[in-house]
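Engineer: next comes the sequence, and after it the predicted model I'd like to discuss.
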Amino acid sequence: MPVAGIDIGSLSTEVVILHEGKIAAAVILPTGASSKTAINRAMGQALLQSGFSLDALERIVATGYGRVSVPFAHEKVTEITCHGRGAHFLDPAVRTVIDIGGQDSKVICLNGQGKVVDFLMNEKCAAGTGRFLEVMCQALEVDLDDFSRLAGRTGKTVPISSMCTVFAESEVVSLIAEGYPREQIIRGIIDSIVERTELMANRIGIMGKLMMTGGVAKNQAVVQALQEKLGTKIEVPEEPQLVGALGAALLAQEEM
Amino acid sequence: MAHGLLKLGTDLNQIGKKIARGVSRHILHWPLLYSLGQETVRRGLLKFPYESKRMLVDYGMGQIKEAYRRNAVLVWSSAFSPTELYYALGITHFSPEVASAMVASFGFQEMFLKEAESRWWGRDNCAFHRCAMGGVFLDYFPRPRAFCASTHLCDGAVLLFNNLAARYRRPFFLLDTPLKQDHGALNYVVQQLKSIIASLEELSGKKMQAEKLEEAVACAEAARRELEEVNRLRRHPLSPFNTRDAIAYLYLYFNGVGSPVTPHIYNTLAWELKEKINGAEAAALKPPRFRLLWLHMPPIYRNNMLAYLEGKGARAVFEEFSHVYWEPMDPGRPLHSIARRMLSHFGHGPVERRLHAIKTMVERYKVDGVIHFSHWGCRQNCGSVKAIRDFLRREGIPLLLLDGDCIDNRNYAPGQVQTRIDGFLEMLA
Ligand SMILES: Nc1ncnc2c1ncn2[C@@H]1O[C@H](COP(=O)(O)OP(=O)(O)OP(=O)(O)O)[C@@H](O)[C@H]1O
Ligand code: SF4
Ligand SMILES: [Mg+2]
């Protein structure tokens, strides 16, 4: 019986359909201004990919901040549990998950069964999250791929002192005007994200194998720098953005 | 021309606001308002979930009415100061922190906070104090004859009271509470209580009578016993009384210790709880899925945190402010008993005392998890978070840390809080 997980994040919406233990469909779309539209489009595409109709889905679990607005969901579960569940499925040895998305970053501790035993989330503001990175990219006029590539070119850093996204943006603009190379500014931005993440990780205490999920895990420069800072290897799954939806789909399957 | 009109409009607007403030100030300072309020409550024109709550509101209004009475000998007293002294002397007291809580419960906190902030009271100050300052600037509160604050538990209070005393040009009596609980510390506090009594006598022209002081301490002791009975009932799996219900009754802990009314209200509450529990048993109601302990206060402004928990089958069955930490009080040794009550507060002194109290509450109320509400700006509360976390982890008790504010609603993001609560409950499942 096919089941589905849908993750409506602040920036992206994902759908995973599982059938007979295999992934029958996986879709990632931007959430955009209307989560309702994103939900319908993402689910529509996933159904097309898998060849199932909505009615054929035995169970649907919704997650992400938009989980409350999925009309066809049978159950709503937080991203915390879903990222934990997805990470455990991909590698049962994982005990700590760092999920950095568009506006939230969290550190999740798992036990051997993939059950969440503790978690910590960033407070209130979006400093040190994916959205922060995007704004900085705009200021630097680079895209996310260039961002990672350019960061690799230098070991030097211009520190960014502002925590607030808006202030940090103008700081970056003035650094460009002062003639600092973009590579060094990028390193400064990465350091600021890594420091905030390290702080959370240290607060909760990293145990065992560490996996990073969420869109920012696709940013190789951030992963690399975080790895160095934490002094431990970080596992990144093939498609980190899908882990929440995958976890939701797994929960849907287990519930049956 | 347009500019002129605009200016006229703004001026009129300002004048209108000033008049409105003047009128509301005048009305608030009018004791008859509270008599009317009491009548409304007494005649049953307002609905209360508990009869004891009606008694409580009646009592609170009576106190406020007294405080606004012209010629009242009114002492502003910090939240943790010993109120037994006022009851014994027959003078009126007013706690600005409790007043802030009331302001927030009526939903007026923004106006008060903004007033304080516009006068440079920074947003990093505890909002119980900031909101109270707003009330002072707006001149909404009854005017004091003196100030009294103790140093234990809240260091912000001492600074606030010092500032207020200078502002109102009134005397400030400080009660210094040492961190130890030994003989020397007790004597030291007793001596200070004596000197404060002397100052209050001078202020009021009344003489403290030994039997009145004994009476007040006897009332405090009766209240302690009744509160223990309430708490004993709250251990019952079907007790419907949660932290949201309990907040209002904390008024008695802060303002009513030493009053003859307090034991009476607690006693009524205990009866009502018994009845509700019996009713729940008869109806074979199900106990909540999860029992939780709430540390520090929950937010007081309109919010859905505790209701949200209830909706998810999780009940905050107890909160640390309701914990009876002090030993029985002896009316034969009134000042000594008051000093002991103060010094034995688990939030005073080394953090191990708070940890021990938390452990007691966790076991006594059989909770599945703990929520620590880290109220912005409260150092004594937030400072022990790491110790609490490590401790509960060792004990295997799940803990949710919620950052927020009890009074200032302007940073409250329901969605973010709900995700944290949901995540926590999923963890408990
Ligand atoms: N190809 C990519 N390379 C680098 N970074 C990327 C890439 N794709 C996405 N990201 C980063 O991932 C972020 C979005 O992450 P994600 O999709 O997990 O967020 P979300 O789940 O919508 O947000 P949240 O969970 O906070 O509500 C973007 O802001 C961006 O920084
Ligand atoms: S919350 Fe903390 S700082 Fe504020 S009044 Fe209470 S004890 Fe003092
Ligand atoms: Mg996400």
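Structural biologist: Cool, the structure landed. Ligands and ions are numbered 1, 2, ... in the order given.
Engineer: and the stretch 101-250 of chain A, which of its residues are near ligand 1?
Structural biologist: A:101-104, A:130-131, A:133-134, A:144, A:214-216, A:218-219, A:241 (Cβ under 6 Å from any ligand atom). For every residue, glycine as well, the C-beta is placed using N, CA and C.
Engineer: among those, which ones are in helices?
Structural biologist: A:130-131, A:133-134, A:144 (DSSP state H).
Engineer: now the two most distant members of the residues of the stretch 101-250 of chain A next to ligand 1.
Structural biologist: Greatest spacing in these, by Cβ to Cβ: A:Asp104 and A:Leu144 (18.3 Å).
Engineer: and A:Val15, how far is that from B:Val57?
Structural biologist: Counting by Cβ to Cβ, to the nearest Å, the gap from A:Val15 to B:Val57 is 52 Å.
Engineer: looking at these two, which has the bigger crowd around it?
Structural biologist: A:Val15 (30 against 19; other Cβ atoms under 10 Å in any protein chain shown).
Engineer: you'd agree A:Glu239 is up against A:Ile23?
Structural biologist: No - assessed by Cβ atoms under 8 Å, A:Glu239 is found out of contact with A:Ile23, at 9.8 Å.
Engineer: ok, the closest residue to ligand 3 within the stretch 301-429 of chain B - contacts?
Structural biologist: Nearest residue of the stretch 301-429 of chain B to ligand 3: B:Thr419, at 10.8 Å (Cβ to the ion). Residues near B:Thr419 by Cβ atoms under 8 Å, 6 or more residues apart in numbering or on different chains: A:65, A:78-80, A:121.
Engineer: most neighbours among those residues, which one?
Structural biologist: Compared across those, A:Glu79 has the highest neighbour count, 32 neighbours, by other Cβ under 10 Å.
Engineer: tally of neighbours for residue 155?
Structural biologist: By default, I'm working from chain A. By the criterion of other Cβ under 10 Å, A:Gly155 has 8 neighbours.
Engineer: please go with chain B instead
Structural biologist: Using other Cβ under 10 Å, B:Asp155 has 12 neighbouring residues.
Engineer: what distance do you get for it to chain A?
Structural biologist: According to Cβ to the nearest Cβ, to the nearest Å, B:Asp155 stands 24 Å off from chain A.
Engineer: cool, B:Gly347 as well?
Structural biologist: 23 Å.
Engineer: between A:Asp104 and A:Leu144, who's got more neighbours?
Structural biologist: Neighbours were counted for A:Asp104 and for A:Leu144 using other Cβ under 10 Å; A:Asp104 has more, 22 against 16.
Engineer: quick one: that one from ligand 2, how far?
Structural biologist: Computed as Cβ to the nearest ligand atom, to the nearest Å, the A:Asp104 to ligand 2 distance reads 28 Å.
Engineer: any idea which helix or strand carries the residue lying closest to B:Glu226 once chain neighbours are set aside?
Structural biologist: Leaving aside its chain neighbours, B:Glu226 sits nearest to B:Tyr266 (3.5 Å; criterion: Cβ to Cβ, 6 or more residues apart in numbering or on different chains). Here B:Tyr266 sits within helix B:261-282, counting by DSSP states H and E.
Engineer: all helices of chain A, in order?
Structural biologist: Taking DSSP H as the criterion, chain A contains helices spanning A:35-50, A:79-90, A:130-140, A:144-151, A:165-177, A:182-204, A:220-230, A:243-255.
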